[in-house]
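Visitor: missing the sequence, but the structure's below:
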């Protein structure tokens, strides 16, 4: 044994110098855990997404402590969800989204107002300070569209009208969430500058509408030029550059990175439908997405459950988070029928990384206590875990469309 | 202007909290710079690889200072080159490699001995300490097979006999380099433990031969099981898991990560040739590889050129590094004819990241001075830049094989 250690120690030292042993250990554990869980859940006829998030809880700091969130895992997670939304955008034609614009706006608005008020009132009745209650309300507003998009994408249902409403509502939801966050943050800092809020709102709305309106037309215009590029895989290269560029721009403007990625994908959706590019983007996503799903699970800290109050509040906030989106968004979609209303409502339930970011901001501004931060984490992860199985059930029996086909087989509605 | 700043500052702050603005700025700058340079070089009929490395010098700390190497860029770079070698492995059948084994071994051995002695003697004659001279010799041994593989892959020439000899020689070269490095490191620490060196050598050789011999057979045996997996893109998922696993194992044993990736790809080459997996792996590589190439360029520090001695020595070491591989490996390949000898010799010239790692180890052990570290950096980057244009010329006119075909069109030699 001692011999083995003396032999191995310098080898590992050399390896660490040369080859990032820690890096590949992290990658291996995260990727393989995610995919084993996905396989297990598929066999149990449960959504793979939920398995991958659960795997994150298991290997993360709460249970096995194999991996902890680091700058690197956060970066991979962020790149993973960006690629997912880019891919979803590639399967979404701007016109299809605009067609559902009015309904999506209503879904988004009710999906913002109802959870916000409910979250605020609950925490306020619980005796929490004003500002903390407001932050919890704001965290309950955020929709993590990635989870729903992944479930629908794996079922081949991204082209349904309800899927488009969910996507459109999530984009609008993100812009509204940004405005609420700006208001809440300036309140926490003591004083709201309305001009500044207006500037933030104007920029965010302007950016989103501008890219959505002009993006596809601009890309279609330079189509022959992209095809003439000498660099290999020219559409992939152009697409990734556009994606990273719009993600960066979205980031500076304050909209979520994934909105930039989604808009980039949508701008390219018409120009690339006859190319191999969507399949290539899918392959990259297939590699990177597990790091996002695992990372969500890794965020959960089970030690918050040490206090009875926190357990009870976590439970209440989570239930409220599910019900307010389900019925808030569902109400807005009720004219489409109860089935579609339920599909849309459930599609907006996952809070995932967006809810966590809001809570982190509150924590960093001193407006949110550690206990309430834990409550929001539980809510964010739990809603993200709860939604996929229901989504699978609610969408079972819908006509699957093979998005690989150049001409959609069955355009719906 | 002041208004603009007051408006933007909090937005950026929110963005930074939520969306890793710095992360996406880095990704955008690196990816777009690499691909713009690649496009420019393709138009100038120069190898894209050289353009992407040069782009790294330009945007890196030496010139524009837009990006500097960080833990994240190093990680992306490492993942990028791992994917490249995985992809190269996917296009390499074990039998094809074994068939050229004897020749590849000879190429590797001469490609190790000649540069090592030349490097050592030059530095020693220059008046440098023994141990420093030995480290420079060791850094001149390392072959960065990624660069040559990328050039040949883009030309569709990976299936040539000479390409296989280069690949095989690079694998053996890496194992020999590891042994030399182990000897040199223990010398720098004051005293060589021969048993330990023997253990390192045994493990490295054993691992490589075992995986090369058994890997493909094991994968072929579980082929039906992988096909039956419920998880989406099962071959990609299995392939990536195997790749990360062997990379990790290689790392612990002390062999370079890329050798593990290459062996994983080779183990999968027969089982996956009828699947979409090689194309999917290519797409992932297409996204990640630019970070590797840019990172090599970013390593270069032009400030070492402040001293005349360093400039002269850099020039001499670089020339010697090119000539010793060209003629050393070329000599071993001479029975195949002068053209093939030149192709193989030039294919072994790039030192890239492997040479840099050796120099870093020497620096960290206090055996290599800053000036000599700078010299090795110049040699590593310069050899990597010099080889591609010559490779393109030397391989021009060879029968291109479309590796996308299931049955190779024109098996050569």
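Guide: The structure has been received and is ready for your questions. Fair warning: this is a prediction, and the values are worked out from it, not measured in the lab.

Visitor: do a quick rundown of the helices in the stretch 201-350 of chain A.
Guide: Under the criterion DSSP state H, counting those that start in this stretch, the stretch 201-350 of chain A contains helices at A:234-253, A:257-268, A:277-299, A:308-332, A:338-347.

Visitor: swap that for the stretch 1-150 of chain A, sorry
Guide: Going by DSSP H, counting those that start in this stretch, the stretch 1-150 of chain A shows helices at A:2-19, A:21-43, A:48-59, A:71-90, A:94-99, A:101-125, A:130-141, A:145-154.

Visitor: figure out which of those is closest to residue B:278.
Guide: Among those, helix A:21-43 comes nearest to residue B:278, with 18.9 Å by Cβ to Cβ. All C-beta spots, glycine's among them, are computed from the backbone N, C-alpha and C.

Visitor: does chain B sit close to that closest one?
Guide: Yes - counting by Cβ under 8 Å from any Cβ of the partner chain, chain B is contacted by helix A:21-43 at A:21, A:23-25, A:27-28, A:31-32, A:35, A:38-39, A:42-43.

Visitor: what lies in contact with stretch A:236-251?
Guide: For stretch A:236-251, the external contacting residues (Cβ atoms under 8 Å, 6 or more residues apart in numbering or on different chains) are A:82, A:86, A:90, A:207, A:211, A:219, A:226, A:229, A:231, A:256-257, A:259-261, A:263-265, A:267-268, A:272, A:276-277, A:280-281, B:15, B:19-21, B:24-25, B:27-28, B:31-32, B:35, B:283, B:286-287.

Visitor: quick one on the thing from earlier: need the buried ones from the residues of helix A:21-43 next to chain B selected in ChimeraX.
Guide: Buried residues within these, by 16 or more other Cβ atoms under 10 Å in any protein chain shown, are selected in ChimeraX with:
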select /A:21,23,24,25,27,28,31,32,35,38,39,42
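
Visitor: just send the residues of helix A:21-43 next to chain B back as CSV, with pLDDT too.
Guide: Formatted as CSV, the residues of helix A:21-43 next to chain B follow (pLDDT from 0 to 100):
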residue, pLDDT
A:21, 79
A:23, 91
A:24, 93
A:25, 93
A:27, 95
A:28, 95
A:31, 97
A:32, 97
A:35, 96
A:38, 93
A:39, 95
A:42, 89
A:43, 92
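
Visitor: what's the most distant pair in the residues of helix A:21-43 next to chain B?
Guide: A:21 and A:43 (32.6 Å).

Visitor: give the contact list for residue A:365.
Guide: A:185, A:188, A:189.

Visitor: so how far is stretch A:249-267 off the chain centroid?
Guide: 12 Å (Cα atoms, centre = their mean, to the nearest Å).

Visitor: okay, how far is it across that stretch, tip to tip?
Guide: Using Cα to Cα, to the nearest Å, the end-to-end distance of stretch A:249-267 comes to 15 Å.

Visitor: picking up where we left off before, just the helices of the stretch 201-350 of chain A: most buried one?
Guide: Among these, helix A:257-268 has the highest mean neighbour count (mean count of other Cβ atoms under 10 Å in any protein chain shown), at a mean of 29.

Visitor: just want the angle from it to helix B:21-43.
Guide: 30 degrees (axes from the mean of the first three to the mean of the last three Cα atoms, to 10 degrees).

Visitor: which helix or strand contains the residue in the stretch 51-200 of chain A that chain B sits nearest to?
Guide: Nearest to chain B in the stretch 51-200 of chain A, going by Cβ to the nearest Cβ, is residue A:199, at a distance of 4.4 Å. Using DSSP states H and E, residue A:199 falls within helix A:194-228.

Visitor: remind me what that helix packs against, helices and strands.
Guide: helix A:94-99, helix A:161-188, helix A:234-253, helix A:257-268, helix B:2-19 (3 or more Cβ pairs under 8 Å, 6 or more residues apart in numbering or on different chains; DSSP states H and E).

Visitor: how about the ones you listed in CSV, adding mean pLDDT and distance to residue A:291?
Guide: Formatted as CSV, these follow (pLDDT from 0 to 100; distance: least, Cβ to Cβ, whole Å):
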stretch, mean pLDDT, distance to residue A:291
helix A:94-99, 88, 28
helix A:161-188, 87, 21
helix A:234-253, 93, 16
helix A:257-268, 92, 15
helix B:2-19, 41, 16
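
Visitor: and the helices of the stretch 1-150 of chain A: which comes nearest residue A:304?
Guide: helix A:48-59 (13.0 Å).

Visitor: that closest one: how far from the chain's middle?
Guide: 15 Å.

Visitor: excluding its backbone neighbours, what's nearest residue A:345?
Guide: Of all residues not flanking residue A:345 in the chain, residue A:330 sits nearest, at 3.4 Å (Cβ to Cβ, 6 or more residues apart in numbering or on different chains).

Visitor: dump the helices and strands packed on helix A:194-228 to TSV, plus distance to residue B:127.
Guide: Formatted as TSV, the helices and strands packed on helix A:194-228 follow (distance: least, Cβ to Cβ, whole Å):
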stretch	distance to residue B:127
helix A:94-99	69
helix A:161-188	63
helix A:234-253	49
helix A:257-268	55
helix B:2-19	51
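
Visitor: of the contacts of residue A:365 - the most surrounded one?
Guide: The most crowded member of the contacts of residue A:365, judged by other Cβ atoms under 10 Å in any protein chain shown, is residue A:185 (23 neighbours).

Visitor: any idea how many residues pack against the residue lying closest to residue A:58 once chain neighbours are set aside?
Guide: Nearest-residue entry for residue A:58: residue A:64, 5.9 Å, with adjacent residues in sequence omitted and distances by Cβ to Cβ, 6+ apart. Neighbourhood size, residue A:64 [other Cβ under 10 Å]: 12.

Visitor: isn't residue A:64 up against residue A:57?
Guide: No - Residue A:64 is beyond contact range of residue A:57, at 9.5 Å (criterion: Cβ atoms under 8 Å).

Visitor: low-confidence ranges in chain A?
Guide: For chain A, the stretches with pLDDT under 70 are A:1-19, A:400-413.

Visitor: and if we set it to 80?
Guide: Chain A contains residues with pLDDT under 80 at A:1-21, A:188-192, A:301-306, A:399-413.

Visitor: with distance to residue A:239 added, can I get the contacts of residue A:365 in JSON lines?
Guide: Shown next, in JSON lines, are the contacts of residue A:365 (distance: Cβ to Cβ, whole Å):
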{"residue": "A:185", "distance to residue A:239": "34"}
{"residue": "A:188", "distance to residue A:239": "39"}
{"residue": "A:189", "distance to residue A:239": "39"}
